[in-house]
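Novice: Need a 3D model of the sequence below.
(2 chains)
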Amino acid sequence: MAETISFTLNGKPVSVTTDGQRPLLWVLRTDFGLTGTKFGCGQALCGACTVLVDNKAVRSCVYPVRNAGGREIRTIEGLAKNGELHPLQKAFVEHDALQCGYCTPGMILTAYSLLQQNPQPTRQEIIDGLDKNLCRCGAHTRIIDAIQSAATAMKGGNSR
Amino acid sequence: MNEQWYTDLDFTDIIDDPNVSRRDFLKTLGGGIIILFFVGDASVLEAQRRGRGYPEDFNAYLRIGPDGRVTCYTGKIEQGQGAITSLAQMLADEIDASLDSIDMVMGDTSVCPWDMGTFGSMTIRFFGPPLRAAGAEARRVLLELAAEQLKVPPERLVAENGVIFDKEQKDKRVTYGDLAKGKTIARRAKEKPPVKNPSEFKVIGKPVLRRDSREKVTGKAQYAGDIRRPDMLYAKVLRPPAHGAKLKSVDTSVAEKMEGVKVVRDGDFVAVLHKNPDQAAEALSRVAAEFDVPPAQVDDQTIFEYLLKNAGEGRAVAQGGQLDEGQKLSEIVVEQTYFDGYKAHAPIETHTALAQVEGNKATVWASTQTPFPTKDQIANALGLGADDVRLITPFVGGGFGGKSPGQQAIEAAKLSKATGKPVQVMWSREEEFFYDSFRPAAVVKIKSGITKEGKAVLWDYAVYWAGDRGSQQFYDIPHHRTASVGGGFGRGPSPHPFATGAWRAPANNTNTFARESQIDIMAAKARMDPIEFRLKNLRDERPIRTLKAAAEKFGWKPAPAPSGRGFGVAVGTDSDTFVAHIAEVEVDKRTGRVHVKRIVCAQDMGLAINPEGASIQMEGCITMGLGYALTEDIRFKGGMILDRNFDTYELPRFSSVPKIETVILDLKNEPAHGGGEPAIICMGAVVANAIHDAVGVRLLQLPLSAERVRKALAAIA
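Specialist: The predicted structure follows:
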């Protein structure tokens, strides 16, 4: 049944009238044209579709859009501010922490959520935090390095 | 590599050529200076001929625009392997422009020269040389034009960073952009231009970060699924439960009544479409269908017996000496059989395409490794001329060989034709597993012999159904024979119950697992250190220096296996490159779980265009290879694929990745060899050998799962 759902999307208030059961992933990709959020498995097993809901990583392929009502949703498109990359994005670039890039938005947003909860994670904590995100190209070690260096760069409240 | 590949260049003038299609083609590029280039190898010519409807006499070209930007057009695609960076490096160096001024146009069949596909670690090896030559020729043309314009003899001119100046009067200068302004010059290389010597390299051979990162970390990078066209529909296709199943009945009436749903039926091909992909999927779930599923002939347990039973005559890949003689000289004989199951490519981006058919023209955006062959298949399927289909390849979200087949693009094109709207087909993960062209299950039988002193004297090797790539051994063994029985994928009749295909370094993963396990067994029988044993039996300088480099990086201390340390060694060759791996593993004797702690990999790849990119490929190979070594295996029953998502098909994760150290041998005076696949081939053997060194059990079947390790440990307890 169609209903109107309002939330904040990358800092802007938005609303959408649609079936509230639809997965947030497809609403973002089709209704809002935000294609940076990727489909990978459809069962919350790979993490390619990860977005932030109130700064927490959520698998948007199994997250009904209805649940987004009144919340703050952030996608990869909303991470850089005025063209300036977020320290995590910068670190991924500087460490070459990606190959095909398809899992990258999900990796970055999962890492963002991790750093919100644990600003200075150990290597093992990064591994644990990212372990449910899959990367087939094998950029893992560089992703870990990138997150560590972003955490260092963000020390002292530099979250941008 | 055959030297002809990079030295035999064909140069003839194009100016008087009456070929209209080429003129039209050049027109589409707009003004500027265009350099055409061709590598004149017979097999390339043959391939060119197959690429109908396309200018046939050049296979590389570039354009210098009035804005001074240099554009490289290539039929190669970017799937994460980094060609977008390394090809640009080659061009920047030869043309003396900054890397930032190079643009890459890849995999668009309407503007790029014909190409058979991006696979086989061939981009740098085979496209690189003509590209460099085209760059060198472009530089020469620019110098000639500058000499005219500046009225300075060419020998006094210097090209640097997109500017040409008089070395005696530096303010006499002109930019490439100015030289190209208002001109349309198409030049074909007339004679072989000298490419730079390694000592002159400014960009080639220097580590460079990926050029596509910014787009990829901001979500701006577009993949096939991200292309949007007005009024487009998303399609979900009805799939059988098993390969070989026949549609018995289908009822689409409920789906048809759903708002906004369109149903297309063409024989057994049934699809539902909607303006939202999730709602198309929802509608598909309301389609009631019955299938006749043929009884299962074989499953993942019985497949090896079945493959051996169905193996025909083999063919010799290599042989020398007399096997009888080798047998007589052998004081220790080892006979073993190795097994490898089916493996999925499992790129995170599933097969995806968007097609827009309008009248007798079609434009298709596809996630593919083979834009040109796929374009031709689409044209065939729609009954269009090959020139009437344009295939555009956006970024590809991983391929590994699995995106050479382009079924999804044909499906999208058919559905666009049927509905008159742009249609996207994005396979679900379950479809991706179902239609994947798996790395084939295979068996390898080896009988080998050594003297008491550890000299290998006999090697009788037969690989069944994997293919022959990597099957030839490179040790110094006087009496040897290597046979390949049953083709690899795509060759002759297949006993496989579903599609098989090229999987990163096809056949070589299986062959290297078998060979390097066998070598290790022989070393242990001779009570020799596994590196010492290999060095004793190698004569070829390349594997020797590669193995030595790995041993040095690892800090190898010789000891015969099993030493209890958990150290393993393997050597292999693929795409003209040699690799040597050393692993350190830990085995949990209770659970059988293997943790790979460290991998050192040395690679002899000739000139590394981008050492950073080459290292990343090695790391990627090692990480991906851990999957087939330890956990990945497709379970099936007849044509039914039982692993359909990542819950049961286990890819390597962050927690499984070891410390990885890579060494690229400094060989910049040699031609560039392949870099996308070699470092994956040793992963099965190096881990198997390390497990043996750790706990004394020898596993002969991939993957080296916890269950198999546990069972093997129980058997020796």
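
Novice: show me what contacts B:Thr631?
Specialist: By C-beta atoms under 8 Å, 6 or more residues apart in numbering or on different chains, the contact set of B:Thr631 is B:650-652, B:703, B:705. C-beta: built from backbone N, CA, C; applies to glycine.

Novice: Kindly provide the distance from it to chain A.
Specialist: 13 Å (C-beta to the nearest C-beta, to the nearest Å).

Novice: beta partners of the closest residue to A:Leu109 other than its chain neighbours?
Specialist: Excluding the flanking residues, the one nearest A:Leu109 by C-beta to C-beta, 6 or more residues apart in numbering or on different chains is A:Thr50, at 4.7 Å. On the basis of DSSP bridges, A:Thr50 is bridged to A:Arg59.

Novice: Please tell me I have it right and A:Thr50 contacts A:Cys103.
Specialist: No - contact criterion C-beta atoms under 8 Å: A:Thr50 and A:Cys103 do not qualify, at 9.3 Å.

Novice: which neighbours do the two share?
Specialist: Common neighbours of A:Thr50 and A:Cys103 (C-beta under 8 Å, 6+ apart) are A:Asn133.

Novice: got the residues of the stretch 251-400 of chain B near chain A?
Specialist: B:275-279, B:346-350, B:395-398, B:400 (C-beta under 8 Å from any C-beta of the partner chain).

Novice: So what touches stretch B:166-180?
Specialist: Outside stretch B:166-180, the residues touching it (C-beta under 8 Å, 6+ apart) are B:31-33, B:64-70, B:97, B:142, B:145-146, B:149-150, B:152, B:156-158, B:162-165.

Novice: how about 7 Å then?
Specialist: B:32-33, B:64-68, B:97, B:142, B:145-146, B:149-150, B:152, B:156-158, B:162-165 (C-beta atoms under 7 Å, 6 or more residues apart in numbering or on different chains).

Novice: The nearest residue to B:Ile185 once chain neighbours are set aside - how many residues pack around it?
Specialist: Distance criterion C-beta to C-beta, 6+ apart; nearest residue to B:Ile185, sequence neighbours excluded, is B:Ile33 at 4.8 Å. Neighbour count for B:Ile33, taken as other C-beta atoms under 10 Å in any protein chain shown: 22.

Novice: which ones are touching A:Trp39?
Specialist: That one is not Trp; residue A:39 is Phe. Counted by C-beta under 7 Å, 6+ apart, A:Phe39 has contacts A:25, A:48-49, A:61, B:225, B:426.

Novice: meant to ask about B:Leu547, not that
Specialist: Contacts of B:Leu547 (C-beta under 7 Å, 6+ apart): B:531, B:534-535, B:571, B:580.

Novice: Swap in 10 Å and give it another go.
Specialist: By C-beta atoms under 10 Å, 6 or more residues apart in numbering or on different chains, the contact set of B:Leu547 is B:531, B:534-535, B:538, B:556, B:569-571, B:578-582, B:602, B:604.

Novice: Distance check, it against B:Ala514.
Specialist: Separation of B:Leu547 from B:Ala514 (C-beta to C-beta, to the nearest Å): 19 Å.

Novice: With B:Cys682 instead?
Specialist: 12 Å.

Novice: now swap in B:Gly162 and tell me
Specialist: If you go by C-beta to C-beta, the gap between B:Gly162 and B:Ala514 works out to 52 Å.

Novice: Of these two, which one has the most company?
Specialist: Taking neighbours as other C-beta under 10 Å, B:Gly162 and B:Ala514 compare with B:Ala514 leading, 31 against 21.

Novice: Alpha carbons of the helix or strand that contains the more buried one, as CSV, please.
Specialist: Using DSSP states H and E, B:Ala514 falls within helix B:508-525. Provided in CSV are the C-alpha atoms of helix B:508-525 (Å, rounded to 0.1, in the frame of the first residue of the first chain):
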residue,chain,number,x,y,z
ASN,B,508,46.4,-23.2,-14.3
ASN,B,509,45.0,-23.2,-10.7
THR,B,510,44.2,-26.9,-10.9
ASN,B,511,47.4,-27.8,-12.8
THR,B,512,49.6,-25.9,-10.4
PHE,B,513,47.9,-27.3,-7.4
ALA,B,514,48.6,-30.8,-8.7
ARG,B,515,52.1,-30.3,-9.9
GLU,B,516,53.4,-28.3,-6.9
SER,B,517,51.8,-30.8,-4.5
GLN,B,518,53.5,-33.6,-6.3
ILE,B,519,56.9,-31.8,-6.3
ASP,B,520,56.5,-31.3,-2.6
ILE,B,521,55.7,-35.0,-2.0
MET,B,522,58.8,-35.9,-3.9
ALA,B,523,60.9,-33.5,-1.9
ALA,B,524,59.6,-35.0,1.4
LYS,B,525,60.3,-38.5,0.1
